[in-house]
Structures are given as C-alpha cells and as structure tokens.
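Give me a model of this one.
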Amino acid sequence: MKKTIICLLALMVSTASFAQKNRTMTLINAALHGWEYELRAGISIGGTSPLPLPREIRKIDSYDPTLNILLEGNMYKWFDDNKKWGIVTGLRFENKNMETKATVKNYSMEITGYDGNHLKGNWTGGVQTTVKSTCLTIPVLAAYAITPRWNVKLGPYFSYIMKHDFSGEVYDGYLREGNPTGDKISFSGNSTASYNFKDDMRNFQWGLQAGADWRAFKHLKVFADLTWGLNDIFKKDFETISFAMYPIYLHVGFGYAF
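Take a look at the predicted model:
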C-alpha cells in the first residue's frame, strides 16, 4: 500500500512537471513568433448619456456609477522583431451600469401610472433612471510600444448585450399628454409613475476604444482604457426618447502577462 501511494505521488509530480514544461515551451514558442497572452481584471466608471446634453435635461441631481466589473483575456500579435507595432484582440465580460436623477422639462416620456394606465407625452419634473448592460465584448486594436514598459492601443470594439435594462420613475412634476400643450396630469408628494424601455434596447453595440498599459513587473500590468459607444443604445424605430444615448466608460485594473 505504501509503495502504491509513493508511486501515485511520483506519477502526479512527474505529470505536473511534464505539463508545466510543455506549457512553458508553448509560451516560449508563441513569443518567438510574436504572440503574447494576458488575463485582465478591473472596474469601470462611466455612464450612458446623450451628447451633448439636450435642452430637455435642465439639471443632473445625482449620479451613482454602481459597481461595474470586467474580466478579459487578450492575445497580442507583434509584426516586427522589436515588438513596436502589433494588433490585440480578445474577449471581455463587462458590466455597464449607472443610476441617475435629473430635473427635466418637456422630456418625451411614456409612463405607467399607479392604476396601470399607460400615458405618453412630455414630462416636466424629476426623473430617476437605472441603466444596466451585461456585455460580451471583442476589441480589435492596433498596439504601439512606446517603451518596453509602455504601450498604447486604439481601435474599434464590438459588444453583444446579454442582458440590459433602462427603467425608472418620474416624480414631482406633470405630464402634458400627447404633446407639450396637451392635458396636464400632475404627480406631487409621494405620487410617482414608472417606465421601462428595456425591450426597446439594441442587442449589439460598437464603438471606439483607446488605452495604455504599463508593465510594472515581468508579468504584472496596470491598464486604463476609455470606451466610447458610437451607436444609440435604443433600436432605430424607438421614438419615445427623442435623442440618442451612448455608453462612455473608463476601465482601470491590472493584468497578468504570460
């Protein structure tokens, strides 16, 4: 029995050593052909906003970025022996969430009252909004190494939205039903009405990404990336909100380079 245990332990150590050796040789071979790999983790700060702010939004009363995380795996392909120019792509899992309160005037809106009735028109008063997106993103970036420790990247990204939400409530104001001169329906005190436009959101987004990496140690990187959406988060035929809205987020974190 003792000999069997010793043999099993020896086999496990030998197998682990062989696997480690093979992995090391694979990474060395990839590096010799200009390939590099990394894993990254971080947080995102930003929001979804029209640009510029339309005249309907008179004031931002509060903003909460909430907790947004990202996990990412990337691979680099360098085109020259000095590793100056290259391309990087990969797959990123990320959240893009925020909560805001704003004071608006003649803001196009479709709400559901406490009695279940749907009302559409122009809202003046307070608006609380929650925006949530869970995305799988593929960046396709050109990379340039300024120094052996610093490199910068720029290019497009493409996101599939696995889960999204755009909802909230209106309060302390009134709705002009149909148009800015329609019948006035007031909500005051504790009276509120809700709205939810998640079914009108796109499942695909794209935009530009720019960023920089700093190699603090042999395997440890620190990064900062800015992503700027270039298509409206809502579908083309959605007309309740009369202006386009774009996700703009700053990602910061660390990575492990193999």
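
Can you name the helix or strand that Y256 falls in?
strand 246-257 (DSSP states H and E).

Partner strands of that strand, with direction?
Counting by DSSP bridges, the strands paired with strand 246-257 are strand 35-49 (antiparallel), strand 220-229 (antiparallel).

got the contact list for the last one?
Meaning strand 220-229. 38, 40, 42, 46, 48, 153, 157, 205-216, 246-257 (Cβ atoms under 8 Å, 6 or more residues apart in numbering). Backbone N, C-alpha and C define where each C-beta goes, glycine included.

Next, format the strands paired with strand 246-257 as CSV and append mean pLDDT.
Below are those laid out as CSV (pLDDT from 0 to 100):
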stretch, mean pLDDT
strand 35-49, 95
strand 220-229, 97
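
Turn the ones you listed into JSON lines, columns for mean neighbour count and distance to D165.
As requested, the strands paired with strand 246-257 are exported to JSON lines (neighbours: other Cβ atoms under 10 Å; distance: least, Cβ to Cβ, whole Å):
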{"stretch": "strand 35-49", "mean neighbour count": "18", "distance to D165": "11"}
{"stretch": "strand 220-229", "mean neighbour count": "18", "distance to D165": "16"}
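
who wins for proximity to E239 among those strands?
In terms of Cβ to Cβ, the element of the strands paired with strand 246-257 nearest to E239 is strand 35-49, at 18.1 Å.

Can you give me the buried ones in the following helix or strand past that closest one?
Downstream of strand 35-49, the next assigned helix or strand under DSSP H and E is strand 57-64. Neighbour-count burial for strand 57-64 flags I57 (criterion: 16 or more other Cβ atoms under 10 Å).

try stretch 80-100
83, 86, 88, 90, 92, 94-100.

Show me which of these has the smallest pLDDT value.
Least confident of these in the model: K83, at 84.

Is that residue part of a helix or strand, or is it coil?
Following DSSP: H, G, I helix; E, B strand; the rest coil, K83 is assigned to coil.

you'd agree it is up against T147?
No - counting by Cβ atoms under 8 Å, K83 stays clear of T147, with 11.0 Å between them.

before we move on, back to that, as CSV, the buried residues of stretch 80-100 with secondary structure and distance to I185 would be great.
Listed next are the buried residues of stretch 80-100 as CSV, based on DSSP: H, G, I helix; E, B strand; the rest coil; distance: Cβ to Cβ, whole Å:
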residue, secondary structure, distance to I185
K83, coil, 64
G86, strand, 59
V88, strand, 53
G90, strand, 50
R92, strand, 44
E94, strand, 39
N95, strand, 36
K96, coil, 33
N97, coil, 31
M98, strand, 28
E99, strand, 25
T100, strand, 23
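
List just the nearest of those residues to D237.
Set against D237, the nearest of those by Cβ to Cβ is K96 (22.9 Å).

And the closest one, its phi and psi?
The phi/psi pair for K96 (degrees, to the nearest 10) reads phi -130, psi 90.

what's near enough to touch it?
Contacts of K96 by Cβ under 8 Å, 6+ apart are 44, 46, 48, 68, 131-133, 135, 247, 249.

Buried ones only from those, please, as a ChimeraX command.
Here is the ChimeraX command that picks out the buried ones among the contacts of K96, judged by 16+ other Cβ under 10 Å:
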select :44,46,48,68,131,132,133,135,247,249
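
Tell me the one among the contacts of K96 nearest to I185.
Taking Cβ to Cβ as the measure, I185 lies nearest V131 of the contacts of K96, at 25.6 Å.

and that closest one, which of the three is it?
strand.

ok, now T240?
Using three-state DSSP, the structure places T240 in coil.

Can you list the low-confidence ranges for the stretch 151-258 of the chain?
By pLDDT under 70, the stretch 151-258 of the chain has no low-scoring segment.

all strands for it, in order.
Secondary structure of the stretch 151-258 of the chain (DSSP state E, counting those that start in this stretch): strands at 184-196, 204-215, 220-229, 246-257.
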